[in-house]
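[1] Could you work out the structure for the sequence below:
(2 chains)
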Protein chains: 2
Amino acid sequence: MKAEILTIGDELLIGQTIDTNSAWIGAELSRLGFDVYRIVSVHDTRKDILEALSNTVGKSDLVLITGGLGPTSDDITKQTLCDFFNTHLVVNAEVLKMVETMMKRRNFPMNENNRRQAEIPESCRVLKNERGTAPGMWFENKGTIFVSMPGVPHEMKYIMTEHVLPELGHRFTSQAIIHRNIMTYGMPEARLAELLTGFEADLPPEIRIAYLPGSGIIKLRLTATGQEKKLLDKSIEEQVKKLYKMIPELIFSENEDSFEMVIGKLLKEKKQTICTAESCTGGRIAQLLTSISGSSAYYKGSVIAYDNKVKIEVLKVPGTKIEKYGAVSEEVVEEMAKGARELLKTDYSVATSGIAGPDGGTEDKPVGTIWIAVASVKGIVTEKHLFWYDRISNIDRFSTAALSLLRNQIIRR
Amino acid sequence: MKAEILTIGDELLIGQTIDTNSAWIGAELSRLGFDVYRIVSVHDTRKDILEALSNTVGKSDLVLITGGLGPTSDDITKQTLCDFFNTHLVVNAEVLKMVETMMKRRNFPMNENNRRQAEIPESCRVLKNERGTAPGMWFENKGTIFVSMPGVPHEMKYIMTEHVLPELGHRFTSQAIIHRNIMTYGMPEARLAELLTGFEADLPPEIRIAYLPGSGIIKLRLTATGQEKKLLDKSIEEQVKKLYKMIPELIFSENEDSFEMVIGKLLKEKKQTICTAESCTGGRIAQLLTSISGSSAYYKGSVIAYDNKVKIEVLKVPGTKIEKYGAVSEEVVEEMAKGARELLKTDYSVATSGIAGPDGGTEDKPVGTIWIAVASVKGIVTEKHLFWYDRISNIDRFSTAALSLLRNQIIRR
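    The predicted model follows:
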C-alpha cells in the first residue's frame, strides 16, 4: 500500500516552520505497513493545492493532508478540497456545537472565524478534534482515501491517534514491513560502515540496512519486508544478535531510545539518583534528563555554574584551581562533579566545562573543547572531546558525550 | 524565479529524521527572492529519485537536492544523477586529496568508502565541502540549475553559504519579495485574527498577512511582493507601524527574534544579570538563555531544584512553606526566586514550579499548572498559568510564559 503526505502552508516553504508532522505521520504509517513514498509541501494557494492533489491520482492508496485549516484568512484548503472532490461547504451542527463548547471552556467569546470552522465539505466524514476547533475530514474518491487535518502538531496527532490510525489498521492488512533501530555512539559513519562491510554482504535478501547519523549518534536501521511477519521477526532478530556480537561497546539502545531514556531506566532499576553541574552545556543535560516522564524518581537537581563565581561559591571549586588550570580543565570539571554530588547528595553527578563558541576559544583550548566528569562511589572519571560545529550543535554534542560517559559509569561493575 | 527543494532519504519518509534542511534552504532562497513553490521528499531508490527529478523539468529555475551522498551503501544519488544528466562518475583528484587531508586531521584511516566519496559526475562543477567528505555538485541543464548536497545539516549549510547562495545572489536579480515577522505572545490565533479584521481588510494589494502559531507565540508574517524593493519597504513599514499602535502589549519582537534573544539584548544594554531557579522546567529556561552566543555577559547560573530538598537546602525555601502550600504555589515560587537571586547575586531571577505531567496532577493543581516568579530590585511578581498539553509541550509553554514575564519586568520602569 502506497501513501503520500501532503503538507500545506507558505510557512513551510519559506522556512518559518519546520515540518515535523510529516516525520511523525511517516513513522506511524510505516508501522502499519504503508510505504510512504513521497512527502510534498506546497503553498496554501488554490492552484498549488489542486496540482498537488492531482499528482496523487492513481499513485496512492492513501493521501494524508495537514495544514490550511486554521480560522484565519490565509487558510483556503477546505474550499479547495470542495473543488477537487466536487462538493460544497455546509455548516456541520455537531462541529459547531463542539467549537462553542471549546470556546466557552477556555473563556473566549465565539467569533465569525470560529463559526467558519464548522463549515465542512458535504461529502466528507467528520473526524472529531478534541484539541482544537478544526476537525479532521475523511474523503474517499476512486479507491483512494484522503484525510485532511489541521497543521498544529498536537491536534493532528490527536485526530490520527483517535480516528485515522485505528481505521487504517482495521481496513488494511498488508505486506509486513518491520524496522529495528540499533543506536550506536562513538564511531563515525564511514568507519562503522567499513567495520560492517562483511555483515552487510551477508544480509539475507529480505533485509536492508541504513546508516542514519545525527548529533554523533548513528542509528543502524534494519528493514525487513515480506509476507510472513513471524519469519521477518526471526530473521531480523538474528541480524540484531550478530550486531551485538560485533560492536557491543558501540550499541547503547534500540528503537530510538535516547541516552536520557536508557539512563532513566537504569537509575530507576538500581534506585539511584543523579544531578548535574553544567557550565558550557547551560542546562541542556538537565533538560534532557527531565524530559523523561517520571524523572523525579532519580533526578534531584542541578547547578548551572556559568560564572566562575558560581563554580567557586556554590560548587566549592577551589578558586586557585580555576586560576592555575582555567575553568575548562580536567582539574576544575572534577571539582565541579565532586561539589555537585556533595551539595545535591546523589549517587551520580555529571559535570561539563568547555567552549561552545563562537567566541572564547584559544590555541590551547579551541572552540569545541569540552571536559566532562562523572563522579560516583566508583570514583571520578573524566573525558576530553573536541568538536567542530556551531554553538548549538557543540552544546548538543557535549551533552551527548556527557550522557554516554554517565551511562558507561552506571553500567560499569 | 521558481525553486524546488528535493530531499532524499528513506529516513525522512519513515519518520526517523525530521527534515530541517528544507526549512533552512526555504528561508535562504526566499531572502534572495526565489519562490520556493514545492518541497518533495523521496526514497533513496533510483526510480523515485529519477521520477522526482523528471517532475521538476520545465517547472523550476532552480532545484536544490540534499541527501543521499554519504559514504555508505544506502546512498545512490550520485549514480542516479549521472543517469539523469547522461554523464558518468570520475575520480576527482582535488576531492580525493581533500578527503585524505580530512581523514588525517581526524586521525582516521582512509578506507574504500572514503575513496568513493571522491568519485564525481563528470559534467558537474564541484563545490568544496570543508565540513565533511562529500562535496556539493552544481549542474546546469536546459536552463535549470541543479545543486546536489549532502544531507548532514551543517555540511549542507556550509556549501550553501560558501558557494550556492553567493552565486545565486550574483546571477539572479529578481522580483522583490519582502517578509516582516511581528512576534506576538498572549492572545490565541482566532481572537487575534478577530482583533485584526479591519487591519487585514485595509491592507494594500501588494501585502499579504499570515498567522503562524507555535508554542503560544503567534508570528504575524507580512509579505510584500512587487518590482520596486524601496516602495515595498516603505509600504510594509507603514503596516508594521499600524500593528504596533493596535497591539503594543502583544508584540515582543520582530523577525523571528525569540524571547531569549530579546532578553539578552536588553540585559546587555542595561549591563544587568540574570539567573534561574527551575523546578518543573528542568533547565529549559537556562538552556534557552545560554543558547544565545555571548550570554555569559549576563547569565550567571541556575539552580534546578527538582527535589524539594534542593529547594530547601540550596535555595533556602522554608520547609514549612512547602508543607503548608505545596511545592507548586505562589509562596514557594516566590521563595525560590528570592533564594536564587541571593545565592547567585544577580539583578533578576526567574523561578518556576509546576506540574508538567503526565503524572502528578491533582484536582486543585491539574497537570499543566505553573507558578512563575520574577525577582528583582523592583520587587517580586508572580503569575499562574494553566496549559493543556503533553509533558514536552507543557515545559515549552511554561518556559515561554516565564521568559515573557521576565521581559515585562526588565522593560518595566
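
[2] can you pull the contacts of the spatially closest residue to A:Ser215 that is not a sequence neighbour?
    What sits nearest to A:Ser215 in space, not counting adjacent residues and going by C-beta to C-beta, 6 or more residues apart in numbering or on different chains, is A:Asp396, at 5.3 Å. C-beta here means a position set from N, CA and C on the backbone, and glycine is covered the same way. Applying C-beta atoms under 8 Å, 6 or more residues apart in numbering or on different chains, we find A:Asp396 in contact with A:215, A:284, A:389.

[3] what about the second one, how many residues close to it?
    Counted with other C-beta atoms under 10 Å in any protein chain shown, residues neighbouring A:Arg284 total 27.

[4] That one reaches A:Thr290, doesn't it?
    No: taking C-beta atoms under 8 Å as the contact criterion, A:Arg284 and A:Thr290 are not neighbours in contact, 11.0 Å apart.

[5] And the helices in the stretch 201-350 of chain A?
    Across the stretch 201-350 of chain A, reading from the start of the chain, the helices by DSSP state H, counting those that start in this stretch fall at A:229-246, A:259-270, A:284-290, A:308-313, A:319-325, A:330-344.

[6] Just give the nearest non-adjacent residue to A:Arg46, would you?
    A:Thr80 (5.0 Å).

[7] My read is that the one you found contacts A:Glu51, right?
    No: taking contacts as C-beta under 8 Å, A:Thr80 lies outside contact range of A:Glu51: 10.6 Å.

[8] Number of residues surrounding A:Ile39?
    Count around A:Ile39 with other C-beta under 10 Å applied: 27.

[9] who's it bridged to?
    Going by DSSP bridges, A:Ile39 is paired in beta bridges with A:Ile5, B:Ser41.

[10] ditto for A:Thr223
    Here A:Thr223, judged by DSSP bridges, has bridge partners A:His179, A:Arg208.

[11] wait, what's in contact with A:Leu243?
    The neighbours of A:Leu243, taking C-beta under 8 Å, 6+ apart as the test, are A:182, A:196, A:199, A:220, A:251.

[12] State the number of residues packed around A:Ala193.
    The tally of other residues near A:Ala193 (other C-beta under 10 Å) stands at 25.

[13] Which of the helices or strands spans it?
    Here A:Ala193 is covered by helix A:189-195, with elements defined by DSSP states H and E.

[14] Output the contacting helices and strands for that helix.
    Other helices and strands packing on helix A:189-195, by 3 or more C-beta pairs under 8 Å, 6 or more residues apart in numbering or on different chains; DSSP states H and E, are strand A:207-214, strand A:217-226, helix B:112-116.

[15] List the buried residues in the second one.
    When burial is assessed from 16 or more other C-beta atoms under 10 Å in any protein chain shown, strand A:217-226 yields the following buried residues: A:217-224.

[16] from those residues, which is closest to A:Phe84?
    A:Thr223 (33.7 Å; C-beta to C-beta).

[17] My understanding was that that closest one contacts A:Leu212; is that so?
    No: if you go by C-beta under 8 Å, A:Thr223 and A:Leu212 don't touch, sitting 11.5 Å apart.

[18] circling back: switch the contacts of A:Leu243 over to CSV; also include pLDDT and distance to B:Ala402.
    Shown next, in CSV, are those (pLDDT from 0 to 100; distance: C-beta to C-beta, whole Å):
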residue, pLDDT, distance to B:Ala402
A:Ile182, 96, 39
A:Leu196, 95, 46
A:Phe199, 96, 49
A:Leu220, 93, 40
A:Ile251, 97, 38
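
[19] just curious, which of those is nearest to B:Lys59?
    The shortest distance between B:Lys59 and any of the contacts of A:Leu243, using C-beta to C-beta, involves A:Leu220 and amounts to 37.0 Å.

[20] Which residues are in contact with that closest one?
    A:Leu220 is in contact with A:181-184, A:192, A:196, A:209-212, A:243, counting by C-beta under 8 Å, 6+ apart.

[21] gap between A:Arg407 and A:Gly186?
    The spacing between A:Arg407 and A:Gly186, counted by C-beta to C-beta, to the nearest Å, is 11 Å.

[22] Likewise for A:Tyr244?
    Computed with C-beta to C-beta, the distance linking A:Tyr244 and A:Gly186 is 15 Å.

[23] higher neighbour count, the two?
    Legend: neighbour count by other C-beta under 10 Å for A:Tyr244 and A:Gly186, higher for A:Gly186 (16 against 12).

[24] From B:Gly186, how far out is that one?
    If you measure A:Gly186 against B:Gly186 using C-beta to C-beta, the figure is 46 Å.

[25] Which of the buried residues of strand A:217-226 sits closest to B:Arg116?
    Scanning those for proximity to B:Arg116, where the rule is C-beta to C-beta, the winner is A:Ile218, at 18.1 Å.

[26] per-residue pLDDT, A:Gly132?
    As summarised for this prediction, A:Gly132 has a pLDDT of 79.

[27] pLDDT of stretch A:90-101, averaged?
    For stretch A:90-101, mean pLDDT rounds to 88.

[28] chain center to it, what's the gap?
    What separates the centre of stretch A:90-101 from the centre of its chain is 34 Å, taken as C-alpha atoms, centre = their mean, to the nearest Å.

[29] Is stretch A:402-413 positioned near chain B?
    No: applying C-beta under 8 Å from any C-beta of the partner chain, one finds that stretch A:402-413 is not in contact with chain B, the shortest distance being 13.2 Å.

[30] rewinding a little: what residues do A:Arg284 and A:Thr290 have in common as contacts?
    Here A:Arg284 and A:Thr290 share the contacting residues B:Gly283, scored by C-beta under 8 Å, 6+ apart.

[31] that older thread, out of the contacts of A:Leu220, the closest to B:Ile372 would be?
    The shortest gap between B:Ile372 and any of the contacts of A:Leu220 belongs to A:Met183, at 36.1 Å (C-beta to C-beta).

[32] doesn't A:Gly216 make contact with that closest one?
    No: A:Met183 is not in contact with A:Gly216 according to C-beta under 8 Å; the separation is 11.2 Å.

[33] Next one, pLDDT for A:Ser70 please.
    Wrong residue type there; residue A:70 is Gly, not Ser. The model reports A:Gly70 with a pLDDT of 69.

[34] Check which residues of stretch A:93-103 are buried.
    Quick answer for stretch A:93-103 (16+ other C-beta under 10 Å): A:95-96, A:98-99, A:102-103.

[35] Could you do stretch A:101-111 as well?
    Going through stretch A:101-111 with 16+ other C-beta under 10 Å, the ones that come out buried are A:102-103, A:111.

[36] and which of the residues you listed is nearest B:Ile312?
    When these are compared for distance to B:Ile312, the smallest value, 41.0 Å, is given by A:Met102; criterion: C-beta to C-beta.

[37] Which neighbouring elements make contact with the helix or strand where the closest one lies?
    Secondary-structure assignment from DSSP H and E places A:Met102 in helix A:93-105. Secondary structure elements in contact with helix A:93-105, counted by 3+ C-beta pairs under 8 Å, 6+ apart, are helix A:112-116.

[38] coming back round to it: more neighbours: A:Thr80 and A:Glu51, which one.
    Looking at A:Thr80 and A:Glu51 with other C-beta under 10 Å, you find the greater number of neighbours at A:Thr80, namely 22 against 16.

[39] what residues are up against that one?
    With C-beta under 8 Å, 6+ apart, A:Thr80 has these contacts: A:46, A:49-50, A:53.
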